[in-house]
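**Student:** Fold the following.
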Amino acid sequence: MDIKSLFSIQKQLNDRIIAEHQLAGQDLFQEKLLAFIVEVGELANETRCFKYWSRKPSSERTIILEEYVDGLHFALTLGLSLGYTEVILKDEFEQKEKLTDHFLDVLNLAQQLGLNQSQEQFQQFIDSFFALGHKLSFTYDEMEKAYLEKNKVNHERQDNGY
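**Tutor:** Take a look at the predicted model:
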């Protein structure tokens with residue numbers, strides 16, 4: 001995964017949205033953080049990992065990947081908002097036994113990032129998000145390819161007044 005390229009691509013989309021929606025100069029960090037948290041919730045809903053009361057299976061892998069990269073868009077956006085685009089991509093992650101634990105870890109670190117906006121905190125946050133992706137059996141290549149595809153869709157949505 002070329003993370004620097006993804007940050008650059010995300011910056012182009014963010015800049016476009018800021019310009020077209022006349023949001024220049026506004027501090028939108030909390031909105032971006034909440035958007036990330038909502039996207040992670042949507043992802044969890046598609047995996048159904050927490051729905052102990054239901055026998056219905058999780059959504060198809062492609063749907064889960066698309067939801068994951070929706071979160072990736074906002075994870076990158078948070079890094080851009082804080083000026084943290086130099087991140088280290090790990091090759092291996094601590095894998096928790098339960099997928100639910102990965103989700104809770106990501107959400108906990110997102111909340112901590114809202115309180116402590118240090119580069120170290122952002123690195124822990126992004127590590128946790130990528131650990132979740134790997135727990136979902138996505139490779140960096142799959143994440144990047146799906147991100148690029150969804151980014152095109154996001155630009156098309158802006159073209160159409162989304």
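**Student:** I'd like the distance from stretch 112-122 to the chain centre, please.
**Tutor:** Here stretch 112-122 is found 15 Å from its chain centre; the criterion is C-alpha atoms, centre = their mean, to the nearest Å.
**Student:** next one: stretch 70-80
**Tutor:** Chain-centre distance of stretch 70-80: 5 Å, with C-alpha atoms, centre = their mean.
**Student:** which outside residues touch that stretch?
**Tutor:** 6-7, 10-11, 13-14, 29, 32-33, 35-36, 39-40, 42-43, 85, 87, 113, 122, 125-126, 129, 133, 143, 147, 150-151, 154 (C-beta atoms under 8 Å, 6 or more residues apart in numbering). Quick note: C-beta positions are derived from backbone N, CA and C, even for glycine.
**Student:** Can you dump the C-alpha atoms of it in CSV for me?
**Tutor:** Taking Å, rounded to 0.1, in the frame of the first residue of the first chain, the C-alpha atoms of stretch 70-80 are listed here in CSV:
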residue,chain,number,x,y,z
ASP,A,70,-15.4,4.2,3.9
GLY,A,71,-13.7,4.2,7.3
LEU,A,72,-10.3,4.4,5.6
HIS,A,73,-11.4,7.6,3.9
PHE,A,74,-12.1,9.2,7.3
ALA,A,75,-9.0,7.7,9.0
LEU,A,76,-6.9,9.4,6.3
THR,A,77,-8.9,12.6,6.7
LEU,A,78,-8.3,12.6,10.4
GLY,A,79,-4.5,12.3,9.7
LEU,A,80,-4.7,15.1,7.2
